[in-house]
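Participant: structure, please.
(one chain, ligands or ions: 3)
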Amino acid sequence: MSADAGTGSVSVDLAERSYEILIGGGLLPEAGRLVGDWLSKRYGASGKLAAVVTDRNVAAHASRVTAGLHDAGFQTETVILEPGEKSKSLPVIASIYDRLVDMKADRKTVLVAVGGGVVGDAAGFAAASYARGIPFVQVPTTLLADVDSSVGGKVGINHPLAKNLIGAFHQPLGVVIDTEVLSTLPDRDYRAGMAEVVKYGVIQDAEFFGWLEENADILNERNGDALRHAITRSCRLKADVVEKDEYERTGLRAILNYGHTFAHAFEALAGYGELLHGEAVAIGMIYASRLAERLGRIGAEDTRRQLDLLDALHLPTSLVGRATLDVDDILERMKLDKKASAGKLRFVLPTRLGHVELVDHVPTDDVRAVLDEMAG
Ligand SMILES: NC(=O)c1ccc[n+]([C@@H]2O[C@H](COP(=O)([O-])OP(=O)(O)OC[C@H]3O[C@@H](n4cnc5c(N)ncnc54)[C@H](O)[C@@H]3O)[C@@H](O)[C@H]2O)c1
Ligand SMILES: O=C(O)C(=O)C[C@@H](O)[C@H](O)[C@H](O)COP(=O)(O)O
Ligand SMILES: [Zn+2]
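Facilitator: Ligands and ions are numbered 1, 2, ... in the order given. You can find the predicted model right below:
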């Protein structure tokens, strides 16, 4: 990765729940001080007790955050989760509660999530529910968490039958993105994060989509400047949506779910963790775009450009060779999607690059036809 070119920030404007996302190389040691500043700004003098939740693969990064917390005067406890999607489960949440009870955490104890989307979602849900809500800070360490899961306050865990079915909205006090941490991220996880970056281009920003097409090669090489631009733009685009529809009530926030109706069913059916979330989203976006084509809402050329970009970023675009799933099972699982209403599926479908719509009453026969066609 190239040398740091300074720290940037994105503001998320949500009245009394507003916060900053700081983005730069080498920010990890600053996180402790930032947590202290954000906590005292929001809650006044605090007890300076922090629970750091991380996973085994990122514990070394987390210890640098812990050192910064100590320097800032915090006493800390560290909870280390098993890496992987299976940690988004009730027993893991119960184990975090136990540790919070042991350390006598109160409503001014801050929970600091250092890790990918799994750590952020699970720890964030523990923070949302312990003592009816304690402050929390996101220190994402994967590309996916940088651009998506650390921003916007969706936290939660999986039900065996459906992704993220149990959860809450709980905004962080702030987000610290150290782009240097990505240098240790395995390639497969790095690529998976790119799927959510591509999503923003398709749903909100055709120009950004074009920039991604032009820069796919250097993004694959993890070029520092390109990455910082991709992360900053993605955070801004997500913040724009969250600021207007924080609780997904008007339908606007649902656009962030492009590709996810398919993806979540695939992830649950394949067995959590078999297909990475970003991989499932990449495949789901192509299925959703094919569905939009079939319904006459988008031209084939716009699906092809998504396919080509995902290919260039080495992401999968169909289930073939990845998972063999039964079409009826997929349709059944999709009915558990949180966007469904009165048992009817709703899909986020593109009309052109840079624009999507939430569509009700999509005929099951059309969804089935796309699933059959994509199975080859
Ligand atoms: N809350 C939201 O808005 C939101 C948005 C998108 C995705 N998600 C959720 O995020 C999860 C996926 O997140 P993810 O892709 O970050 O997966 P993840 O948290 O499982 O991390 C991927 C892997 O990388 C390892 N890792 C993390 N950072 C590392 C680093 N810097 N160096 C080395 N290894 C590292 C982890 O231990 C793990 O094995 C899914 O559960 C998905 O549903 C939530
Ligand atoms: O923040 C959102 O809103 C999103 O939909 C972002 C998605 O990328 C993310 O996967 C989210 O966890 C899905 O939310 P869900 O409500 O469909 O579980
Ligand atoms: Zn997602």
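
Participant: distance between the helix or strand hosting Asp372 and the chain's centre?
Facilitator: Per DSSP states H and E: Asp372 is located in helix 364-374. Offset of helix 364-374 from its chain centre (C-alpha atoms, centre = their mean, to the nearest Å): 27 Å.

Participant: go ahead and flag the most central residue of this protein.
Facilitator: Ser149 (2.6 Å; C-alpha atoms, centre = their mean).

Participant: what's the distance between that residue and Gly354?
Facilitator: Between Ser149 and Gly354 the computed distance is 23 Å (C-beta to C-beta, to the nearest Å). For the C-beta atoms, the positions are set from N, CA and C on the backbone; glycine is no exception.

Participant: returning to what we had before: so who does the residue nearest to the centre of the chain touch?
Facilitator: By C-beta atoms under 8 Å, 6 or more residues apart in numbering, the contact set of Ser149 is 116-117, 120-121, 140.

Participant: 10 Å instead?
Facilitator: Residues counted as contacts of Ser149 (C-beta atoms under 10 Å, 6 or more residues apart in numbering) are 113, 115-121, 124, 138, 140, 142, 155, 193, 196, 238, 277.

Participant: helix/strand/coil for Glu207?
Facilitator: The three-state label given to Glu207 by DSSP: H, G, I helix; E, B strand; the rest coil is helix.

Participant: apologies, that question was intended for Ala50.
Facilitator: Classification of Ala50 by three-state DSSP places it in strand.

Participant: spatially nearest residue to Asp148, not counting backbone neighbours?
Facilitator: Leaving aside its sequence neighbours, Asp148 sits nearest to Glu196 (C-beta to C-beta, 6 or more residues apart in numbering; 4.4 Å).

Participant: wait, a helix at that neighbour?
Facilitator: Yes. The assignment for Glu196 is a helix, going by three-state DSSP.

Participant: Glu279 is in contact with that one, correct?
Facilitator: No. Under the criterion of C-beta atoms under 10 Å, Glu196 is not in contact with Glu279, lying 11.1 Å apart.

Participant: backbone dihedrals for the residue of the chain found nearest ligand 2, please?
Facilitator: Ligand 2 sits closest to Asn164 of the chain, with a gap of 3.2 Å, by C-beta to the nearest ligand atom. The phi/psi pair for Asn164 (degrees, to the nearest 10) reads phi 50, psi 30.

Participant: on the three-state scheme, Val356 is what?
Facilitator: The assignment at Val356 comes out as strand when based on three-state DSSP.

Participant: tell me the contacts of it?
Facilitator: Val356 makes contact with 199, 202-204, 254-259, 288-289, 292, 297-298, 347-350 under the criterion C-beta under 10 Å, 6+ apart.

Participant: specify the local secondary structure of Glu20.
Facilitator: strand.

Participant: in contact with Ala292, which residues?
Facilitator: By C-beta under 10 Å, 6+ apart, the residues touching Ala292 are 298-299, 302-303, 347-352, 356-357, 359, 362, 370.

Participant: contacts only, for the residue nearest to Leu353 when sequence neighbours are not counted.
Facilitator: Among residues not flanking Leu353 along the chain, Ala206 sits closest, at 4.5 Å (C-beta to C-beta, 6+ apart). Counting by C-beta under 10 Å, 6+ apart, Ala206 makes contact with 302, 305, 352-355.

Participant: what of Val92?
Facilitator: Val92 neighbours (C-beta under 10 Å, 6+ apart): 53, 79, 81-82, 86, 118, 122-123, 125-126, 157.

Participant: quick one: which of the residues you listed sit in strands?
Facilitator: Judged by DSSP state E, the contacts of Val92 include 53, 79, 81, 157 as members of strands.

Participant: okay, the third one: pLDDT?
Facilitator: Okay, so that is Leu81. Reading off the confidence values, Leu81 has pLDDT 98.

Participant: quick check: beta-bridge partners of it?
Facilitator: Asp55 (DSSP bridges).

Participant: pull the number of nearby residues for the closest residue to Gly24 other than its chain neighbours.
Facilitator: Spatial nearest neighbour of Gly24, excluding adjacent residues (C-beta to C-beta, 6+ apart): Thr7 at 3.2 Å. Per other C-beta atoms under 10 Å, the neighbour tally for Thr7 reads 17.

Participant: contacting residues around stretch 364-373?
Facilitator: Outside stretch 364-373, the residues that touch it by C-beta under 10 Å, 6+ apart are 261-262, 265, 286-295, 318-319, 325-328, 330-331, 334-335, 344-345, 347, 362-363.

Participant: go again using 8 Å as the cut-off
Facilitator: Outside stretch 364-373, the residues that touch it by C-beta under 8 Å, 6+ apart are 287, 290-291, 294-295, 327, 330-331, 334, 345, 347.

Participant: so Ile286 touches Asp308, yeah?
Facilitator: No. In this structure Ile286 lies outside contact range of Asp308 using C-beta atoms under 8 Å: 10.9 Å.

Participant: give me the pLDDT value at Asp217.
Facilitator: At Asp217, the pLDDT value in this model is 98.

Participant: counting neighbours, what do you get for Glu50?
Facilitator: Not quite, residue 50 is Ala, not Glu. Residues near Ala50, counting by other C-beta under 10 Å, number 28.
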